[in-house]
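Just to be clear, the model below is a prediction. Sequence and coordinates:
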Amino acid sequence: MAESPAVVQQHLEEVEAAAEEVITDQQEIVTLDRRRNTNREALRQLQTNNLISKNPNSRTWICAGNMFLKMPKNYVTENIEKEQKQLDTEINNLRNGLRSKVNHLNDLECKEKTIGTNLKSLSPEEWNAVRQVLGK
């Protein structure tokens with residue numbers, strides 16, 4: 001039995017919307033990951049500069065928007081570390097939500113669920129238990 005064009009169009013719109021959400025989340029993850037890597041590079045540079053200049057009260061230049069500011073290194077380092085934690089949380093939340101969105105898209109396209117999407121890494125406690133069992 002043939003479905004009406006309106007039903008087919010609505011189904012295609014749902015599939016397109018679900019696919020758009022998946023692509024948007026993937027792009028957001030890439031963007032946040034680039035920002036996280038840039039912050040990591042900045043932290044590393046601050047640490048190496050800190051080793052060179054042994055002055056604990058030293059200041060460094062940062063770029064905020066279209067301005068350059070000279071601020072204490074400790075303050076800058078703390079703020080970058082806070083932002084790193086926030087970025088890690090956002091990326092993990094997006095990745096966890098992406099799994100369900102991909103499964104929803106597969107359901108709409110009548111495909112099987114993606115194998116391995118619900119895998120999670122072992123925690124440090126679980127790794128210690130595995131090492132004890134293996135005798136390492």
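Perfect, I can see it now.

list the contacts for the residue nearest the centre of the chain?
With distances taken as Cα atoms, centre = their mean, Ile91 lies nearest the centre of the chain, 2.2 Å away. Shown in contact with Ile91 (Cβ atoms under 8 Å, 6 or more residues apart in numbering): Ile29, Leu32, Asp33, Arg36. In this view, the C-beta of every residue, glycine as well, is placed from N, C-alpha and C.

and the residues you listed as a markdown table, adding pLDDT, secondary structure and neighbour count?
Output for the contacts of Ile91, formatted as a markdown table (pLDDT from 0 to 100; DSSP: H, G, I helix; E, B strand; the rest coil; neighbours: other Cβ atoms under 10 Å):
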| residue | pLDDT | secondary structure | neighbour count |
| --- | --- | --- | --- |
| Ile29 | 95 | helix | 16 |
| Leu32 | 96 | helix | 16 |
| Asp33 | 96 | helix | 12 |
| Arg36 | 96 | helix | 17 |
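
Out of these, the closest to Leu87 would be?
Set against Leu87, the nearest of the contacts of Ile91 by Cβ to Cβ is Arg36 (4.6 Å).

What sits closest to that closest one if chain neighbours are left out?
Of all residues not flanking Arg36 in the chain, Leu87 sits nearest, at 4.6 Å (Cβ to Cβ, 6 or more residues apart in numbering).

give me the element the one you found is part of.
Element membership for Leu87 (DSSP states H and E) is helix 73-108.

what's the offset of whichever helix or strand comes after that helix from the middle of its chain?
Per DSSP H and E, helix 73-108 leads on to helix 124-134 as the next helix or strand towards the C-terminus. Helix 124-134 sits 27 Å away from the centroid of its parent chain (Cα atoms, centre = their mean, to the nearest Å).
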